[in-house]
Every structure is written in C-alpha cells, then in structure tokens.
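A.B. asks: Structure of the sequence below:
(2 chains)
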Amino acid sequence: MTNHRPTVKRLIFSILLLSLFSLGNRLFAQDGKALFQTNCASCHSPFKQIIGPALKGAVDRIPDKNLLHDWVRNNTKVLASGNPYFTGLYNQFKVPMNTFPSMTNGEIDAIFKYVEAAQPPPPPGPGNTVDNKEQESDNTLLYGILTLILAIIMFVLLQVNSSLKKLSDDKEGIPAAEPVPFYRNKAYIAMLILVVFVAGGYLVVEGAIGLGRQQGYQPEQPIFYSHKVHAGINQISCLYCHSNAMDSRHATVPPLNVCMNCHAAINDYTKGPQLYREDGSKVDGTAEIQKLYSYTGFDPKTNSYNLANAKPVQWTKIHNLPDHVFFSHAQHTKAGQVQCQTCHGPIQEMDEVRQFAPLSMGWCINCHRTTKVNFPDSSGNGNKFYSIYERFHKDLKNGTMDSVTVENIGGTECQKCHY
Amino acid sequence: MKKVIILSSIVVGITTFISCGGVQRDPGRVYMPDMGYSRAYETYATTEEQKAELLKQGIHFSNTPVPGTIKRGELFPFLLTKDAAGDTTNYHASREVKNPLTSMDTVEAERLYLVNCAICHGPKLDGNGPLYKGGDGPFPSKPATLVGDARYEAMPEGQMYYSVTYGKNKMGSYASQLSTMRRWMVIVYIKSKQAAAHPAGASAGSSSSASADSTAKK
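C.D. replies: Residues are numbered from 1 along each chain as shown, chains lettered A, B, ... in the order given. Just a heads-up that it's a prediction; the model follows:
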C-alpha cells in the first residue's frame, strides 16, 4: 500500500500538469487572436499580403525562434545586424515594421500559434449561400391561364345556350333564322370595334406619356457594382461615395480614388453571397474588382499605380431629367431632409440599380403637395429659414392651418423648376 | 369551334403581351432628344477622350478649378505636400500644424465622422467598424483604434490631419470627399472623444481648444 502512494501521487501530479498545460495552450490560442488583432492586424493578415507579408507559414520560413522573437520586438536591431532574409523583406515592402519591445516570448508564440491555426474563409458558392432568385414567383402566368379557362367556359356556355334555343325553337315550330356567321354578326363587330378603340386609345396615350420616361430602366454597367453588397450588407452610408449629395446639384458618381480607399486592401470577393445578374447569370465578384484595378491602373501585387493605364469608367447614366427641368440634390437632402430611398427606392437591396421612380412631373408635384415643410416650432426646432413666412406662422398659431406643405411655400410654381 | 380557337388565341396573345416584363435594359424612346438630354456638357457627362476631341475643335474646356482655388468660407489649404514613397519628412513636420478651427458645429462633425470614418474605425471609435467586424468583415487589416490606443491618443492633430489628407498605410486620402474644414472638424471630433474617454485630462496635451467650444457656427 505504501509502495503505491508515490506512483499515485506522481500520476495525479502529472495529470494536473498535463491539464494545466493544455489549458494554458487554449488560453494562448485565445490570447493570440486578441494580441494579433491589437498589434499586428493593421498591417498583417494570416493569408494576404497587406502592408507587410502574409504571416501564415512565417514560423516555417524563420526556423530560428529566437531570431523571430528578436525581430518582432525590435526589427531595427535585426536589420542592423544584416540578416539576409529580413533585409530582403525590408527591400520588398519598404515600410519599416513597428517595434514591440514589451512583448514577451509567450505572447509572440501565441500570436504565431493563432496565425498558423487560422483558416481562410470559404469562397462563395451555391452550397453556403441562400439563393434568393428562386423565391420570387410570378403570378402573371397563373392569372393568364385562369382567364383563358374562364373564357373557354364562357364560350362553351354560349354555344350550349344557342343550341338549346335552337332545339326549343324547333320544338315550338318557330322557323329558325338563317344562322349568321360570327364575323358578320353586328353585335360581335360592334363589341370588337369598341374593344379595339378603347385598348388602342389606352395604349397610344400610355405610349405617348411614356416617351422620355424610363421607370424601371436597369442598364448593364461597365463594372458589376452591387449597391446591395456595399450599402446593404456592408452598411456603407450613401453619402460616403455620393459625398456631394448634400452640397451640390449632383449627388456625384464617386471618382475611383474613393473606391480605392477600401479596394486597395479588399482585392477579392469571398465573404458575401453569390451575386447574380438580372438575367440569372453568375457574377464573379473578384473579377469585377480586377476590372476596377484595370481602370485605375492599380497593381495589387506591388501595391502601386501605373497612371498610364488608368482610364475613366464610363458608367451608364440611369436617371435623366429632361434638360428643361432643374433639380438639386442639395435642396432635397439638406433642406428637405428627404431620404435617398424616397426617390431611388430600396437601393440597398439592388444588385443592379433600377430606376425606381417615374421622374414624371406628376410624380414631382404629388410629392410637393403632400410633403410637409420642417417649419420651426415654438421651441425653436426646425429649419430657421422658414421663419420669414410670417403669415403661415400666424395661421399655424391660429389653427387655420395644421401644417405647411412644399406647395404652400411655392413648390408648385412653374418657375421653381423650369427657368 | 372555329370561334373558340380564334378567341382563345386572342386571349393568349393579350396575356403574353401583358406578362412581357423582364429586365429593362433599354432607356426607351425620347420625344425631342435635344430637350431630353442636355446639349451643354454636364458634369460627369464628358470623358477625357471627349475633352481631347473638343480641344481639337479649339474648345477649351476644363471642369477642374484652377490650382490653389479656395472656396468661399473655406479655410486656408494645408501647405505640407505629400511625402514621396519611403520618405517621412512632411509626415513628421505635420506634428507642428495646429487646428485652425475656433468653433464648430459638433452635430455636423459627428455626422461627418459617422458617414466617412465610422465604416472602418467604428461608430464608437474602437477600430471595429462594419467593414472590419472583428476580422469577419471584408477589410483585411485592422483599422486604427482611435479611442483606447495610446498611440493614436498621443498623436498630434496635425499628424492626423496629414493622414486624413494624404492617406496612411491602407487608408486612402479623404481630400476628395471632405473639404479642408470638414477634415479638421472630424479630427476635432475624434480628439474630443479621446479627451472624453480620459476625463482626468491625461491625454498628451492634444485636446484642442475647439473641442470645448460646442457652439454651432453661424
């Protein structure tokens, strides 16, 4: 019995030690992620070259652990000592790495442990994305078939009716009139003329009104730029790119340097859902980002621009107001506080932009008639500019008016938009 | 039965005509296109090739203002130029540049920050905006933690301004999106948030005079 005691003790001790060791390992892995994100992630990614090299495999590239520790803590010292590998790295990237003198060996090892264990995200495929295309069902065909069936039933019943009438006429001895073929039947001809007149008139009027209107226009653009991915999934504000919408008549199509604010670093499309064109064909997001690089002359490998290759993207303009109409984005978004979506529709859900509003004069005027102006109230909230409308303020106070619309302050005057 | 065939074919025809929706890739017809589309060269409607074509005809056309133009009510421009690659002279020199704003509209400054910066640096200035999302977003490198990282809290406002104007590491230049004054407003906003995170006033002498003054500029 006494002989066994040391063995048991040793066993328990070693189990404890082992569990502590494995627990410590797990702590390291967690710490590694946090440490990596606070200290390294600004310049390094495990899989991608950003400002510095991709870190995955660094442990294999630098087998000497002490050298790696020294490099992370104070890279200038290692460079000064003339290490050929690191000198080569420095010449490749030309950006000196920050020094981390207070980092311990354990922390550095934890970081590299996390880096080695990190897995790149799977590419978007039909397997791991929900296909939204299938859910949109169209009821038009169903209605068409129903109409057809009802029409056939109607004509069968009409036939039955006339046959029965003929039978009863025969029975009662009333001589049957010579049957008139339907194309000479005056009732049928009158009906047909009426239908053609009404339908033709409707189509002509609609067509004439629709001249120059482009509601639903959805052209193919030189780059498949998805507003859904940018403004919807990634929550980029409309004003980030269309930065002049609050200051200018134009919302402005952003210059390509605005795209490159992010896309100098984001050079593949791996984390979003599979993209489709309106005709159902698949879009390769990474290839579309490559198109942007071809327009800007950017080379993601060397991280440099060759401006000789740069050329403007000739986007297709979708919304076109006739030349005789004045419209200012600034007036609507800044003074009127109108949301982008009021006129442009659910733009954050559109892969390809479609003209949502008819942009007809009736549409403009309707909105001007119903939209309330942000009149300053007694507590001073609201647009102070409108304080010059003294009569409306009086009427509001008296209760003869409950709100002031754009029409009241001259929003339907011809000269507001046509001059 | 002839009747039935003819009428049903009419019905089928109308149904297919109505159901012909699909994608509208064509803008449609315009009555009098010279009233529909501007004859003048509108902003963004002219490309470099078209400009070169106009120049051949002797039409001098430029849609960029003369260099050195200052907008009315705008601050004087930032005089330090962008460093060449690998050089940091002006980046270090920018430490001495002081914030020229004496007062500003803080609500507007917050809006500008949220529109232009929060997408990466986070609405809480924690360097974790929707584009990074703790490493799950599409942006591969970690944006700077503006509040909570001593490096950025100690950074002089002039150097921040240099970075916003010319870009730093993976951040691009914001000079085309934010005017001189707006860039300063954003920086004053960031500095005021950093100062608010350390109420004892421990931040390295960088809390600006304008951050205390919250009166709206008229």
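
A.B. asks: need the helices for chain B, in chain order.
C.D. replies: In chain B, the helices defined using DSSP state H lie at B:2-19, B:33-36, B:48-56, B:89-93, B:106-116, B:118-121, B:150-153, B:157-166, B:180-197, B:209-212.

A.B. asks: can you pull the buried residues of the second one?
C.D. replies: Of the residues in helix B:33-36, those scored as buried under the neighbour-count criterion (16 or more other CB atoms under 10 Å in any protein chain shown) are B:Gly36. Glycine gets a C-beta too; all of them are placed from N, C-alpha and C.

A.B. asks: just the strands in chain A please.
C.D. replies: Assigned by DSSP state E, chain A shows strands spanning A:275-276, A:282-283, A:298-299, A:304-305.

A.B. asks: Give the burial count for the nearest residue to A:Cys343 once chain neighbours are set aside, as a bare number.
C.D. replies: In this structure, A:Cys343 finds its nearest non-sequential neighbour in A:Ala357, 5.2 Å apart by CB to CB, 6 or more residues apart in numbering or on different chains. A count of neighbours around A:Ala357, defined by other CB atoms under 10 Å in any protein chain shown, yields 15.

A.B. asks: Repeat that for A:Pro53.
C.D. replies: Neighbours of A:Pro53 (other CB under 10 Å): 17.

A.B. asks: Where does the prediction get shaky in the chain?
C.D. replies: Looking at chain A here, since you left the chain open. A:1-9, A:11-30, A:121-137, A:176 (pLDDT under 70).

A.B. asks: hmm, I had chain B in mind actually
C.D. replies: Looking at chain B by pLDDT under 70, you get B:1-5, B:7-8, B:11-21, B:42-48, B:60-63, B:199-218.

A.B. asks: tell me the contacts of the closest residue to chain B within the stretch 151-300 of chain A?
C.D. replies: Closest approach of the stretch 151-300 of chain A to chain B (CB to the nearest CB) occurs at A:Asn261, with a separation of 3.5 Å. For A:Asn261, the contacting residues are B:171-174, by CB atoms under 8 Å, 6 or more residues apart in numbering or on different chains.

A.B. asks: end to end, how far does stretch A:214-227 reach?
C.D. replies: 20 Å (CA to CA, to the nearest Å).

A.B. asks: again with stretch A:401-415
C.D. replies: Stretch A:401-415: ends 25 Å apart by CA to CA.

A.B. asks: Residues contacting it, please?
C.D. replies: A:336, A:365, A:367-373, A:375, A:386, A:389, A:392, A:395-396, A:416.

A.B. asks: Go through the contacts of A:Asn261 and say which is closest to chain A.
C.D. replies: For the contacts of A:Asn261, the nearest to chain A is B:Gly172 (3.5 Å; CB to the nearest CB).

A.B. asks: ok, the closest one to B:Asp105 distance?
C.D. replies: 26 Å (CB to CB, to the nearest Å).

A.B. asks: what about the two, which has more around it?
C.D. replies: In this view B:Gly172 and B:Asp105 are compared by other CB under 10 Å, and B:Gly172 has more residues nearby, 21 against 15.

A.B. asks: Now that one: closest residue in space, sequence neighbours ignored.
C.D. replies: A:Asn261 (3.5 Å).

A.B. asks: Enumerate the residues of the stretch 301-419 of chain A near chain B.
C.D. replies: Within the stretch 301-419 of chain A, the positions near chain B by CB under 8 Å from any CB of the partner chain are A:311-312, A:314, A:317, A:320, A:322-324, A:354.

A.B. asks: farthest pair in those residues?
C.D. replies: Largest separation among these by CB to CB: A:Lys311 and A:His324, giving 32.8 Å.

A.B. asks: Compute the number of surrounding residues for A:Ile289.
C.D. replies: Residues near A:Ile289, counting by other CB under 10 Å: 18.

A.B. asks: is it true that it touches A:Ile266?
C.D. replies: Yes - in terms of CB atoms under 8 Å, A:Ile289 counts as a neighbour of A:Ile266; the distance is 7.2 Å.

A.B. asks: Which positions in stretch B:134-145 come out as buried?
C.D. replies: B:135, B:137-145.

A.B. asks: okay, these in CSV with distance to B:Tyr41 next?
C.D. replies: Output for those, formatted as CSV (distance: CB to CB, whole Å):
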residue, distance to B:Tyr41
B:Gly135, 46
B:Gly137, 40
B:Pro138, 37
B:Phe139, 37
B:Pro140, 40
B:Ser141, 40
B:Lys142, 44
B:Pro143, 39
B:Ala144, 41
B:Thr145, 46
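
A.B. asks: Among the residues you listed, which ones lie close to chain A?
C.D. replies: Okay, of the buried residues of stretch B:134-145 touching chain A (CB under 8 Å from any CB), that's B:135, B:137-145.

A.B. asks: which residue sits closest to the residue positioned nearest the centre of chain B in space, ignoring its chain neighbours?
C.D. replies: Most central in chain B under CA atoms, centre = their mean is B:Gln177, positioned 3.5 Å from the mean C-alpha point. Of all residues not flanking B:Gln177 in the chain, A:Ser243 sits nearest, at 4.4 Å (CB to CB, 6+ apart).

A.B. asks: what about the one you found, neighbour count?
C.D. replies: For A:Ser243, using other CB under 10 Å, the count is 25.

A.B. asks: Okay, it and A:His418: tell me how far apart.
C.D. replies: In terms of CB to CB, A:Ser243 sits 29 Å off from A:His418.

A.B. asks: again, but for A:Phe385
C.D. replies: 23 Å.

A.B. asks: quick one: which two of the ones next to chain A among the buried residues of stretch B:134-145 are the most distant?
C.D. replies: B:Pro138 and B:Thr145 (19.0 Å).

A.B. asks: one step back: can I get the strands of chain A in a markdown table with distance to A:Cys238?
C.D. replies: Compiled in a markdown table, these are given as follows (distance: least, CB to CB, whole Å):
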| stretch | distance to A:Cys238 |
| --- | --- |
| strand A:275-276 | 20 |
| strand A:282-283 | 22 |
| strand A:298-299 | 25 |
| strand A:304-305 | 27 |
